[in-house]
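[1] only geometry, no sequence info:
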């Protein structure tokens, strides 16, 4: 899924140190290797991760998991997922659901990524030009009412907001959908629908 480390990107920054990663450029990205096939991902694929491992009991996900950093996934995989397919390849698998698959709703656990400490920094190229934008739960918005995203870090799970999509004047956390006023960085409840793509 990624170019060999020795082929390109000898000199590149960590993605968390960049305000807006550029499509076609290489960055150091936190990644883990798949140990089994799942969704449209295959065993041994290196998966770019956003933030650290965590649980979300407060919104119905008690199992520890990671979120995929879709900016560094192949565009073909992102398009395939959002068209409502399940399986390994568009050629061999037909759509099995009437609604598009949710990128933000897809999380990976140790069942897919293993128990070993295989989290590394890996040089990966930003391929997909957009970042998922979705509506955070009302429960989270109420819990973090008035919160400030200091240093462009979401206070909920420490997700980076640098390069996050902007909708209606707010930076949208790509992890769980909380939105912060782009000028004051104060939490800003939104009325947008789930899953709408936004430029990032």
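    Looks like it arrived, so ask away. Just so we're clear, the structure is a prediction, and the values are computed from it rather than from any experiment.

[2] break this structure into its domains for me.
    1-128, 130-200 (automatic domain parsing).

[3] please identify the most buried of those.
    Of all the domains of the chain, domain 130-200 has the most neighbours on average by mean count of other Cβ atoms under 10 Å, namely a mean of 18. C-beta: built from backbone N, CA, C; applies to glycine.

[4] please state the offset of that domain from the chain centre?
    Its chain's C-alpha centre and that of domain 130-200 lie 13 Å apart, by Cα atoms, centre = their mean, to the nearest Å.

[5] and if you look at stretch 44-55?
    Per Cα atoms, centre = their mean, the centroid offset for stretch 44-55 relative to its chain is 9 Å.

[6] where does the protein dip in pLDDT?
    Along the chain, segments meeting pLDDT under 70 span 1-10, 39-40, 80-106, 116-117, 131-135, 190-200.

[7] mind jotting down where the helices sit in it?
    Counting by DSSP state H, the chain has helices at residues 75-82, 110-113, 138-143.

[8] where is the longest strand in the protein?
    Ranked by residue count, the top strand of the chain under DSSP state E comes out as strand 46-56.

[9] quick revisit: so which of the helices of the chain is nearest residue 19?
    Closest to residue 19 of the helices of the chain is helix 75-82 (Cβ to Cβ; 21.9 Å).

[10] so which residue is dead centre in this structure?
    Nearest to the geometric centre of the chain sits residue 69, at 3.3 Å (Cα atoms, centre = their mean).

[11] quick one: contacts for residue 22?
    Residue 22 is in contact with residue 126, counting by Cβ atoms under 8 Å, 6 or more residues apart in numbering.

[12] surely residue 153 is in contact with residue 147?
    No. With contact defined as Cβ atoms under 8 Å, residue 153 does not reach residue 147; the gap is 10.9 Å.

[13] strands of this protein, start to end?
    Assigned by DSSP E, the chain shows strands spanning 26-33, 46-56, 61-68, 107-108, 120-125, 130-132, 166-167, 170-172, 179-181, 197-199.

[14] need those strands in CSV (columns: distance to residue 18).
    Listed next are those as CSV, based on distance: least, Cβ to Cβ, whole Å:
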stretch, distance to residue 18
strand 26-33, 7
strand 46-56, 14
strand 61-68, 18
strand 107-108, 23
strand 120-125, 13
strand 130-132, 14
strand 166-167, 16
strand 170-172, 15
strand 179-181, 19
strand 197-199, 16
